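# missing the sequence, but the structure's below:
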């Protein structure tokens, strides 16, 4: 099992990797630092609109999202996008870009529920196989 320090650096590597990928695509992105934040990255578009991004990083095949633990209703303030990052032992990195609504649907299927009210607790997670269709879908962020 990874130590807290290892998890901290893995998560930080994921956040910096996302900022790097966004910069490659001429997207202005700012990393938010600290452990009491509600979003990991803030994007400022050419239209002066801000977009919030939650980053989850893993070195396994499962992302712990904590989705319904944080967002108990559809009205609960939430990030605009989620970027799920895998970093393997050889530092190969994969990115999966989902809107909050897209991840909500996947998490509901994973939890075997059909509405937000049905959430039964536990710690929500999704597998890489659940989000593979969203790999490298950076166009969502370029078009905002």
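Yes, it's here. All of these numbers come straight from a predicted model, not from anything done at the bench.
# shaky segments in the chain?
Applying pLDDT under 70 to the chain flags residues 1, 35-36.
# top helix in it by residue count?
Once the chain is assigned using DSSP state H, the helix that runs over the most residues is helix 4-24.
# What are the contacting residues of that helix?
Contacts of helix 4-24 with the rest of the structure, by CB atoms under 8 Å, 6 or more residues apart in numbering, involve 2, 28-31, 40-41, 43, 53, 55-59, 83, 85, 87, 93, 95, 138, 141. Using the backbone N, CA and C atoms, a C-beta is placed for each residue, glycine as well.
# buried set for that helix?
10-11, 13-15, 17-19, 21-22 (16 or more other CB atoms under 10 Å).
# Of the contacts of helix 4-24, which belong to helices?
Those of these lying in helices (DSSP H): residue 141.
# buried subset of the contacts of helix 4-24?
Using 16+ other CB under 10 Å, the buried ones in the contacts of helix 4-24 are 29, 40-41, 43, 53, 55-59, 83, 85, 87, 95, 138, 141.
# In contact with residue 52: list those residues for me.
By CB under 8 Å, 6+ apart, the residues touching residue 52 are 38-39, 41-43, 79-81.
# Look up how far residue 45 lies from it.
According to CB to CB, to the nearest Å, residue 52 stands 12 Å off from residue 45.
# Residue 15 too?
19 Å.
# Could you do residue 30 as well?
From residue 30 over to residue 45 (counting by CB to CB), the distance is 12 Å.
# now swap in residue 55 and tell me
Applying CB to CB to residue 55 and residue 45 gives a distance of 18 Å.
# Next: residue 24.
16 Å.
# now residue 70
25 Å.
# try residue 3
For residue 3 relative to residue 45 (CB to CB), the value is 38 Å.
# Distance from the chain centre to the biggest strand by length in the chain, please.
When the chain is parsed with DSSP state E, its longest strand is strand 50-58. Computed by CA atoms, centre = their mean, to the nearest Å, the chain-centroid distance of strand 50-58 equals 4 Å.
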